Structure formats: C-alpha cells, structure tokens
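>>> pasting the structure only:
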DNA sequence: TCAATATTTAAGAATTGACTTATATAAGTA
DNA sequence: TACTTATATAAGTCAATTCTTAAATATTGA
C-alpha cells in the first residue's frame, strides 16, 4: 500500500493532524475524531490500525492504554513522491522572483507552439 | 475535494509521474496507462478529468488532441499539508547529525513516562 | 460531405473500502 | 474473583469509486 493511499482519507489525515500536536491515547482519539466525523470507536480503531501498519504512527503501551504518536518514515515516503514535482513550483517561484527583480512586463517569451512548462529537459535544479 | 484524496489513487499518481516528464496527449496517456493497469481509454479519461478539475493538470488544445501537463497549484496544496509534519523528520536528521558529531551512545535520555518525540511544544523550527 | 481519428460524457455493473454491531482480549479495581 | 475500562478484531452491510460499454462531440482529411 502506497503512503499516499493511506493519506487519501480525511479521517486518517485528521488523526495525524491531532497527533502532530503530540502523543494521544487511542481512546482520546476515538473521542475527538469520533465526534468530529460522527463515527464509532471501532471505526477510529480501524484507521489507527492502517496508520500503524503502514508506518505513520508509533505506539507505546501504557497499562491498558495505547499511546499513539507520529512516526516520520511513511510521511517521508509521501514527501519523497511529491519531490519529483518540486521543480514545477520552484520554477514558478523563480519566475516570479525574476519578474519582480527586473520589473514587470519584460523578457516574456510567448511563442505558443512547442512550449512546455515542466522541468522535463534538464530544467530541474535538484539534487535528486 | 482535498488534494491528497486525488493522489490516493495509483492510476492518477502514475499519470502525474508520466506528465512529470513533459506534456502528453490524452491518447498517448490512455495507451501507456491503459496498458500498465489494464484499463480502458474512457477509464483513463475519467482520471484525467479528476486531475484537470482538481487543478493537478493544465490542458492545451492542439487540433483534435488535448495535451496535458502538470500544473503546480494542487500539488503544492498536498505539499503544504505535509509541511506540518516536516519537524518530525528534520528532528530525526538533526538527532542523527548530533549523534554522529558527539560520538555514539552519549547523552541519550530514556525516562519512559511522559516522553514524546514530536515537535509539539515549540520544538518545531519552521517558518509556518 | 463522409469516414476516420481523438476525446469526452453517460449510465449502469462491479469492486473496494469504510462503516456498524457484536464480541474478544487485556488490564486495572473493588 | 467479578466488574469496569480500554482497545482491538470479526463479520456483515452500505455507499462511494472505479470500471465497462455505448454513444456524443469535435477535428482532420479524402
């Protein structure tokens, strides 16, 4: 299962947002999330399972409670996938910066035809 | 619809990967993607619609063909959501660096109880 | 104009996945 | 030990998505 498949669910994203603030017990999450989305404790528990099994969270046992916290691994994977597109918006920002630096309405090449905007032909200035 | 909901589909992700290499006609994508996933041309077209409507692609008309290309906006939204967790892995890398710098097995606080690993209490060193 | 190509849209079938209720497991507590 | 709290798992239901086939739209070229 791809990291982005896991993040493609609003409940799971919200759980991670809450966990970004710090460790929470499964029960506390079931309360908060369950109320927000109007779903049951088992429903939240099932999402916690996915997050756990896919490496988005780390669990610590404290008596009868399970304390969940964010684990970086899987989130980094999602980030890594997005990295291949970073060139697109960096270029966009560069263009803006250049435009501002040299004053507006100057040096704007608009030849229509075989134009393309991506960093596909070596235009990407990234390590990876 | 959240940007990450759109990315929570393997076919759509693959389409974007192909587009990251540059502009492609809808038909060319239908061929490549359709073959890879064993789905029909309309199926691919429907995914292209989602990507288009949600701001992941830009379309240019060339005669009877539609040339698709990556549009940065929506991808940036996804990136922005992930940003709130950046502190977690930056910290991880910081820790690794520190560990290496001062030699291993030193200064490792392991007190169990109220410990937490996130950047939740001001530990985050990010602009946002 | 007519046929061929390129692509989208429509409608319904099939599949997936996210819930629900019920139950199991385990740890605290009286 | 029995009861309560905390959480997870199981099994089945329901709904949202993702397909399929068929047909509509638009462009190119004979």
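Structure's in. What do you need? Please read all numbers here as calculations on a predicted model, not as lab measurements.
>>> does DNA strand C sit close to stretch A:65-77?
No: using CB under 7 Å from any atom of the strand, stretch A:65-77 stays clear of DNA strand C, coming no nearer than 8.1 Å. To be clear about C-beta, it is placed using only N, CA and C from the backbone, and glycine gets the same treatment.
>>> buried stuff in that stretch?
Within stretch A:65-77, the residues scored as buried using 16 or more other CB atoms under 10 Å in any protein chain shown are A:66, A:67, A:68, A:69, A:70, A:71, A:72, A:73, A:74, A:75, A:76, A:77.
>>> could you do stretch A:16-25 as well?
A:16, A:18, A:19, A:20, A:23, A:24.
>>> repeat for stretch A:2-15
Buried, per 16+ other CB under 10 Å, within stretch A:2-15: A:2-9, A:11-15.
>>> so which of these reach chain B?
Among the buried residues of stretch A:2-15, proximity to chain B is found for A:2, A:4, A:5, A:6, A:7, A:8, A:9, A:13 (CB under 8 Å from any CB of the partner chain).
>>> find the nearest non-adjacent residue to the fourth one, please.
Going back to what we said before, that points to residue A:6. residue A:54 (4.9 Å; CB to CB, 6 or more residues apart in numbering or on different chains).
>>> residues touching residue A:61, list them.
By CB atoms under 8 Å, 6 or more residues apart in numbering or on different chains, the residues touching residue A:61 are residue A:67.
>>> bridging residues for it?
residue A:66 (DSSP bridges).
>>> just the pLDDT for it.
For residue A:61, the pLDDT comes out at 97.
>>> what of residue A:87?
According to the prediction, residue A:87 has pLDDT 88.
>>> check residue A:90 too.
73.
>>> burial check on it, number of neighbours?
16 (other CB atoms under 10 Å in any protein chain shown).
>>> that one in helix, strand or coil?
helix (DSSP: H, G, I helix; E, B strand; the rest coil).
>>> what do you get for residue A:74?
Per three-state DSSP, residue A:74 ends up helix.
>>> near chain B, which residues of chain A?
A:2, A:4-10, A:13, A:16-17, A:19-23, A:58, A:69-72, A:75-76, A:78-79, A:81-82, A:84-86, A:88-89, A:92, A:116-118, A:120-121.
>>> against residue A:73, how distant is the residue nearest to residue A:6?
As judged by CB to CB, to the nearest Å, residue A:54 and residue A:73 stand 9 Å apart.
>>> residue contacts, the closest residue to residue A:48 other than its chain neighbours?
Among residues not flanking residue A:48 along the chain, residue A:26 sits closest, at 6.0 Å (CB to CB, 6+ apart). For residue A:26, the contacting residues are A:44, A:45, A:48, A:65, A:66, A:68, by CB under 8 Å, 6+ apart.
>>> which phi and psi does the closest residue to residue A:73 other than its chain neighbours have?
The shortest distance from residue A:73 to any non-neighbouring residue, by CB to CB, 6+ apart, is to residue A:55 (4.5 Å). With angles defined as degrees, to the nearest 10, residue A:55 shows backbone torsions of phi 80, psi 20.
>>> residue A:55 and residue A:71 touch, don't they?
Yes: with contacts counted by CB atoms under 8 Å, residue A:55 reaches residue A:71, the gap being 5.9 Å.
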